[in-house]
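Trainee: sequence first, then the predicted structure, then my questions.
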Amino acid sequence: MLLDRRTLQGIAEGNITQVLRRWRRPSVKSGGTLLTAIGQLAIDAVQRITEDQLDAADARAAGFETREAALAALTGREGSLYRIRICLAGPDPREALRFAGELTEVETSELIARLGRFDARRRWTHVTLRVIATHPGRRALELAALLGRDVLPFKQDVRKLKALGLTESLDVGYRLSPRGEALLSRLGPGS
């Protein structure tokens with residue numbers, strides 16, 4: 001579930017406590033979490049509702065002035081109407097991982113095993129970590145070109161590394177996190 005900047009800001013300020021969506025089927029579930037630019041959100045409830053069940057209080061809780069404005073924002077979208085109750089659960093847990101510059105043997109082994117699973121079809125993890133380390137702050141398009149890859153699959157792969165706390169997104173490009181640097185030093189040259 002994608003949330004725009006206005007919605008995220010409202011959630012962070014505590015003014016928005018639910019999101020309204022039209023879906024063929026929900027993309028989130030009750031009890032789940034969602035990583036966003038403001039931190040980790042908790043999905044408290046996902047309820048299928050009718051337009052008649054949507055009232056002015058629901059609209060305000062979703063950041064709209066009126067019920068009509070909420071319905072207008074959903075016009076043109078297919079699927080059933082859902083009310084998703086959300087709250088800010090805390091910071092992005094990947095943040096803490098990124099700054100853990102010391103890795104235990106167990107953590108190192110787990111990360112290497114994880115990278116091995118990513119590499120099962122095509123080896124890309126080590127070379128991607130190395131190119132980011134060598135060219136911090138370089139645009140994704142340029143990094144992908146250095147590796148002879150299309151930019152969108154490259155970005156998807158970097159997101160996988162970010163989820164492990166190994167990379168950080170910058171305003172432009174990426175860099176290795178302290179955790180990523182620690183792992184790369186343990187991988188050794190040419191691995």
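Mentor: That came through, no problem. Numbering: from 1, shown residues only.

Trainee: mind giving me the packing neighbours of the strand or helix carrying residue 131?
Mentor: For residue 131, the element it lies in under DSSP states H and E is helix 125-134. When contacts are defined as 3 or more Cβ pairs under 8 Å, 6 or more residues apart in numbering; DSSP states H and E, helix 125-134 sits against helix 105-118, helix 140-146, helix 151-163, strand 174-176, helix 178-187. Where C-beta positions appear, they are placed from N, C-alpha and C, glycine not excepted.

Trainee: quick check: residue 74 touching residue 22?
Mentor: Yes. Contact criterion Cβ atoms under 8 Å: residue 74 and residue 22 qualify, at 5.2 Å.

Trainee: mutual contacts of those two, please.
Mentor: Each of residue 81 lies in contact with both residue 74 and residue 22 under the rule Cβ atoms under 8 Å, 6 or more residues apart in numbering.

Trainee: now do residue 178 against residue 21, distance only.
Mentor: Separation of residue 178 from residue 21 (Cβ to Cβ, to the nearest Å): 37 Å.

Trainee: now residue 140
Mentor: From residue 140 to residue 21 the distance is 29 Å (Cβ to Cβ).
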